[in-house]
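J.: sequence plus predicted model, see below.
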Amino acid sequence: MADHEMPDPGCSTNTSMKLSRRDIIKSVIATGVVSSTSYLFRVSRVWAQASAPGAVDRLITLNVNGQQRRVDVMKQETLVMTLRYKLGLTGTKIGCDQAECGACTVLIDDVPQYSCSVFTHTVRDKKIQTVEGLAKPDGTLHPVQQGIIDEQGFQCAFCMSGFMMATVGFLKVNPNPTREELAHGISGNICRCQDYDKILTAMMHGAENLRKA
Ligand code: FES
């Protein structure tokens, strides 16, 4: 379910009760979506702001998850805003919006970066990958995603897509890390549930999956 959507009124309580925690985690991993209404207020505030003096709207092409996407961006527009609110890629989350939590992490040319702190117009010639681009077109999950399912590695999962992207990026340079190395490698990501030990176990499982793939 997308952030702004209300629960399906036709969904019976009995059906909801039958969903296991594993089912819920699996659906969240596949879409990168968790419920939050705070974005609705945040985005309306951002879009209500006038462009800075001298700013010029630009129609640019971005390479996102292997696709060429044409989009209008303002000079001061951040990548996370473009991804979420213009390209509909809401798997990338906004937590702090000031480069402190890692919820907005995406890969830019295979390097994990906070998309809340990158101006969209600066990545026109780069390859952007979001959580939506991890699974294969046939729906097969990325080994790191599968590791999270296997270990049920998150509580609320708001931070999950950021952790996944940080881990996938780190494993590109160190595919066989120790637990300590991986912990250090993804230490730019924060979990408000503070479930770090379980997250790390899931990510180590994902790393193992990736080596076997
Ligand atoms: Fe970008 Fe927190 S939202 S680092």
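T.: Everything's here; your move. Numbering: from 1, shown residues only.
J.: my guess is Thr61 contacts Arg69. True?
T.: Yes. Thr61 sits in contact with Arg69 when judged by CB atoms under 8 Å, with a separation of 6.8 Å. Just so you know, the C-beta spots here come from the backbone N, C-alpha and C atoms, and that holds for glycine as well.
J.: compare those two (neighbour count), which wins?
T.: Neighbours were counted for Thr61 and for Arg69 using other CB atoms under 10 Å; Arg69 has more, 16 against 11.
J.: bridged to the more buried one, which residues?
T.: Beta-bridge pairing of Arg69 under DSSP bridges involves Leu62.
J.: list of residues touching the longest helix seen in the chain?
T.: Among the segments of the chain that qualify as a helix by DSSP state H, the longest is helix 196-212. With contact meaning CB atoms under 8 Å, 6 or more residues apart in numbering, helix 196-212 is reached by 142-148, 150-154, 163, 167, 171, 175-177, 179, 182-183, 186, 191.
J.: show me which of the residues you listed neighbour the ligand.
T.: Near the ligand, taking CB under 6 Å from any ligand atom as the test, no member of the contacts of helix 196-212 is found.
J.: now list the buried members of those residues.
T.: Among the contacts of helix 196-212, the ones that count as buried by 16 or more other CB atoms under 10 Å are 142-148, 151-154, 163, 167, 171, 177, 182-183, 186, 191.
J.: outline the domain layout of this structure.
T.: Following automatic domain parsing, one gets these domains for the chain: 56-132, 134-213.
J.: got these as JSON lines, with mean pLDDT columns?
T.: JSON lines is the format used below for the domains of the chain (pLDDT from 0 to 100):
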{"stretch": "domain 56-132", "mean pLDDT": "96"}
{"stretch": "domain 134-213", "mean pLDDT": "96"}
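J.: ok, the closest residue to Gln98 other than its chain neighbours to the ligand distance?
T.: Spatial nearest neighbour of Gln98, chain neighbours left out: Cys116 (7.0 Å); criterion: CB to CB, 6 or more residues apart in numbering. Computed with CB to the nearest ligand atom, to the nearest Å, the distance linking Cys116 and the ligand is 3 Å.
J.: hang on, Cys116 in a helix?
T.: Yes. Secondary structure of Cys116 (DSSP: H, G, I helix; E, B strand; the rest coil): part of a helix.
J.: okay, now it: neighbour count?
T.: Other residues close to Cys116 by other CB under 10 Å number 23.
J.: wait, isn't it in contact with Glu100?
T.: No. Counting by CB under 8 Å, Cys116 sits too far from Glu100 to count as a contact (9.3 Å).
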